[in-house]
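A.B. asks: let me see the structure of the following:
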Amino acid sequence: MPLARRVMSLWLRRWPIDRLQRRAGPHPFVLVTSIGSQRLVSAADAAAAAEGIAPGMTLADARALRPDLVVAAADFAGDAAALARLAQWCGRYSPWTAPCGPDGIWLDVTGCAHLHGGEARLAAEIVTRLEARGVEAVAAIAGSPGAAWAVARFGEARTALVPEDARALLEPLPVAALRLPPEVAETLVRLGLRRIGDLYPMPRPALVLRFGALLATRLDQALGRMAEPLSPLPPTPLRWARRRFADPIVTLEAIDAATQTLLEALCRRLAVEGVGARRLELTLYRVDGAATTATVGTARPSREPRHLLRLLEERFGTIDPGLGIEDMVLAAAVAEPQPALQLALPHHADQAASWPGLARPSTSQHSSDTGVDRRAKPGDDAAILAGGSLASLVDRLTARLGEGAVSRPRLRESHWPERAVECVPPFDPGKNARPARQRPVRLLPRPEPVETVAPVPDDPPVLFRWRRVMHRVRRADGPERIVGEWWRNSKELRDYYRIEDESGRRFWLYRSGLYRPDEAARWFLHGVFA
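C.D. replies: You can find the predicted model right below:
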């Protein structure tokens, strides 16, 4: 028999004031936002609310009440991001969490409450731990999200348990508890329908005709007559390892040792599945409720603990253990297939002695982490370069320099030289093609204009000045005409020449546009050959 659905609604009563943890002393504190030419109060702390300052009031009126008002600009994007992090923190109580509006969090606690001593103890523990973080919260657990939301915001208790039949408990609550638009709630109150119970005897067709289908929908959702789907945060990866500590740890040495233990357990699980990690996320939960996440990526799938530990150690310098870390979770957020491959064995023992990497057993972790997709042979430089040593180097450089800092150039289909090359990850599976014509080794980011002297304007120059240096041309080859790509609406035309000066240096110059007797030719230097 399936379990009855139980949903918790957390209302952060003073969010985002609590997020800032602002201490203005005896002075009231408010957040303001600008709408047109007016500055309006968007949130106020308890001291400001006691003076009659409420959201929606103009800042001028608020200052008239308290001239010593402390003001800060509202950051709605930062508030939403902090709320999402807080919802992620609630993942220790339920695998299904999500933000609810600008000041609430949903938790689907179906089948989870008994792990924490029942629903009452679960709600009390969450509220207590949030208060320890400086966040004032109210929790309600009901059989439907609508009932939990209504009781959390309009009930009297800090923690409330709503029975399966919420009809009687919802009856005295105001109609605003149905999550209706403000104009609809005001119209209902003006007509004398102030409480949810006043809507029970009303004919449903009359309500829909007068107020729209939303009122009937919200009422049915609150009473549990209509299912209400909710969108949770992305699920935690299934490939993970976790470790809790009886006594919180604070030193980097202890964090490093715990990370190594987690990596060994995670890599064993990945080996059983035949996959390797491409992205690792190490989340550390502190005793004060804060969570820190360190993320690293790999160029190729890997399940070698020593290599992955070296990557994570590059992130340890940014970890602040605070008063101590009580819980650590290591997850392989992205994993790809990584079969155990065997390197080719030589035919003779003397060849094996000359190969330092082949004396190891073929089933070792080293051979499975190289990522070589073909059998290595003596003298096969491509297989050696594609092996694990190069992938490990790329991973270490990426961990130290940042995402996207290591790449390789690859040709792509484009006639225009500056668009004919793109940067891709070092081990991108795409194939590289040889250019159809000879191209310079160094292509300038932008063509640079040069001064030229040409006996015939339509011929290559005999002299040109580039970066204050005059070059006399000894040989020239060309032209190679390149026309702008029609699908980009480009009408530019270039005639490229490969030019060698008297000192042996070779350049790639082009003349822009067709020759016109009434216009001086415009020449540019686009690249330098080796």
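
A.B. asks: can you tell me the closest non-neighbouring residue to residue 445?
C.D. replies: residue 418 (8.0 Å; Cβ to Cβ, 6 or more residues apart in numbering). In this view, the C-beta of every residue, glycine as well, is placed from N, C-alpha and C.

A.B. asks: and if you look at residue 94?
C.D. replies: residue 107 (4.5 Å).

A.B. asks: could you check how far the helix or strand hosting that neighbour is from the centre of its chain?
C.D. replies: Element membership of residue 107 [criterion: DSSP states H and E] is strand 104-108. On the basis of Cα atoms, centre = their mean, to the nearest Å, strand 104-108 sits 21 Å off its chain's mean C-alpha point.

A.B. asks: name every strand pairing with it and say which way it goes.
C.D. replies: strand 7-12 (antiparallel), strand 97-100 (antiparallel) (DSSP bridges).

A.B. asks: which residues touch the shortest one?
C.D. replies: For strand 97-100, contacts defined as Cβ atoms under 8 Å, 6 or more residues apart in numbering pick out 9-10, 80, 83-84, 87-88, 90-91, 105-108, 149, 230-233.

A.B. asks: can you turn the buried part of those into a ChimeraX selection?
C.D. replies: Buried residues among those (16 or more other Cβ atoms under 10 Å), as a ChimeraX selection:
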select :9,10,83,87,88,90,91,105,106,107,108,149,232,233
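
A.B. asks: burial count for residue 34?
C.D. replies: Around residue 34 sit 11 other residues, with neighbours defined as other Cβ atoms under 10 Å.

A.B. asks: list the contacts for it?
C.D. replies: residue 40.

A.B. asks: in the sheet, who's paired with it?
C.D. replies: Beta-bridge partners, per DSSP bridges, of residue 34: residue 39.

A.B. asks: low-confidence ranges, the stretch 351-500 of the chain, go.
C.D. replies: 351-388, 429-437, 455, 457, 489 (pLDDT under 70).

A.B. asks: which stretches of it form strands?
C.D. replies: 408-411, 421-424, 442-453, 463-466, 469-483, 493-501 (DSSP state E, counting those that start in this stretch).

A.B. asks: also the stretch 101-250 of the chain?
C.D. replies: With DSSP E, counting those that start in this stretch as the criterion, the stretch 101-250 of the chain has strands spanning 104-108, 137-142, 159-161, 240-249.

A.B. asks: just checking, what packs against the third one?
C.D. replies: The helices and strands touching strand 159-161, judged by 3 or more Cβ pairs under 8 Å, 6 or more residues apart in numbering; DSSP states H and E, are helix 119-132, strand 137-142.

A.B. asks: of those, flag the one that's most buried.
C.D. replies: For the helices and strands packed on strand 159-161, the largest average neighbour count (mean count of other Cβ atoms under 10 Å) is found in strand 137-142, namely a mean of 25.

A.B. asks: what are the buried residues along stretch 33-43?
C.D. replies: 33, 39-43.

A.B. asks: what pLDDT, on average, does it get?
C.D. replies: The pLDDT scores in stretch 33-43 average 86.

A.B. asks: quick one: end-to-end distance for that stretch.
C.D. replies: End-to-end distance of stretch 33-43 (Cα to Cα, to the nearest Å): 9 Å.

A.B. asks: same check, this time on stretch 97-113
C.D. replies: 14 Å.

A.B. asks: how far does stretch 481-492 sit from the chain's center?
C.D. replies: That offset, for stretch 481-492, works out to 38 Å (Cα atoms, centre = their mean).

A.B. asks: number of residues surrounding residue 519?
C.D. replies: 10.

A.B. asks: I'd guessed residue 188 sits against residue 194; true?
C.D. replies: Yes - Residue 188 is within contact range of residue 194, at 7.4 Å (criterion: Cβ atoms under 8 Å).

A.B. asks: looking at the two, which is more packed in?
C.D. replies: Taking other Cβ under 10 Å, residue 188 and residue 194 do not tie; residue 188 has more neighbours (24 against 14).

A.B. asks: contacts only, for the more buried one.
C.D. replies: 175, 180, 194, 211, 215.

A.B. asks: burial count for the residue nearest to residue 445?
C.D. replies: 13.

A.B. asks: list the contacts of it.
C.D. replies: Per Cβ under 8 Å, 6+ apart, neighbours of residue 418: 443, 445-446.

A.B. asks: I'd like the residues you listed written out as JSON lines, with distance to residue 412 and neighbour count added.
C.D. replies: Formatted as JSON lines, those follow (distance: Cβ to Cβ, whole Å; neighbours: other Cβ atoms under 10 Å):
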{"residue": "443", "distance to residue 412": "14", "neighbour count": "17"}
{"residue": "445", "distance to residue 412": "17", "neighbour count": "6"}
{"residue": "446", "distance to residue 412": "19", "neighbour count": "8"}
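
A.B. asks: quick check, nearest of these to residue 251?
C.D. replies: Checking the contacts of residue 418 against residue 251 with Cβ to Cβ, the nearest one is residue 445 at 46.9 Å.

A.B. asks: how far away is the closest residue to residue 395 other than its chain neighbours from residue 312?
C.D. replies: Leaving aside its chain neighbours, residue 395 sits nearest to residue 298 (5.0 Å; criterion: Cβ to Cβ, 6+ apart). Counting by Cβ to Cβ, to the nearest Å, the gap from residue 298 to residue 312 is 11 Å.

A.B. asks: ditto for residue 104
C.D. replies: 34 Å.

A.B. asks: repeat that for residue 213.
C.D. replies: 52 Å.

A.B. asks: between those two, which one's more packed in?
C.D. replies: Neighbours were counted for residue 213 and for residue 312 using other Cβ under 10 Å; residue 312 has more, 22 against 10.

A.B. asks: so that one touches residue 293, yeah?
C.D. replies: No - the pair residue 312 / residue 293 is not scored as a contact, 11.4 Å apart, by Cβ under 8 Å.

A.B. asks: tell me, what's touching these two both at once?
C.D. replies: Contacts common to residue 312 and residue 293, judged by Cβ under 8 Å, 6+ apart, are residue 282.

A.B. asks: does the residue nearest the centre of the chain belong to a helix or a strand, and which?
C.D. replies: By Cα atoms, centre = their mean, the chain has its centre lying nearest to residue 295, at 10.5 Å. Per DSSP H and E: residue 295 is located in strand 291-302.

A.B. asks: which strands and helices sit next to the helix or strand following that strand?
C.D. replies: Moving toward the C-terminus from strand 291-302, the next helix or strand (DSSP H and E) is helix 305-313. The helices and strands touching helix 305-313, judged by 3+ Cβ pairs under 8 Å, 6+ apart, are helix 252-273, strand 275-286, strand 291-302, helix 388-401.

A.B. asks: which elements pack onto the second one?
C.D. replies: When you say that, I think you mean strand 275-286. helix 252-273, strand 291-302, helix 305-313, strand 325-337.

A.B. asks: and the closest residue in space to residue 472 that isn't next to it in sequence, what does it touch?
C.D. replies: Nearest residue to residue 472 in three dimensions, chain neighbours excluded: residue 502, at 5.0 Å (Cβ to Cβ, 6+ apart). By Cβ under 8 Å, 6+ apart, the contact set of residue 502 is 471-472, 474.

A.B. asks: same thing but 10 Å
C.D. replies: Residues in contact with residue 502, defined by Cβ atoms under 10 Å, 6 or more residues apart in numbering, are 471-475.
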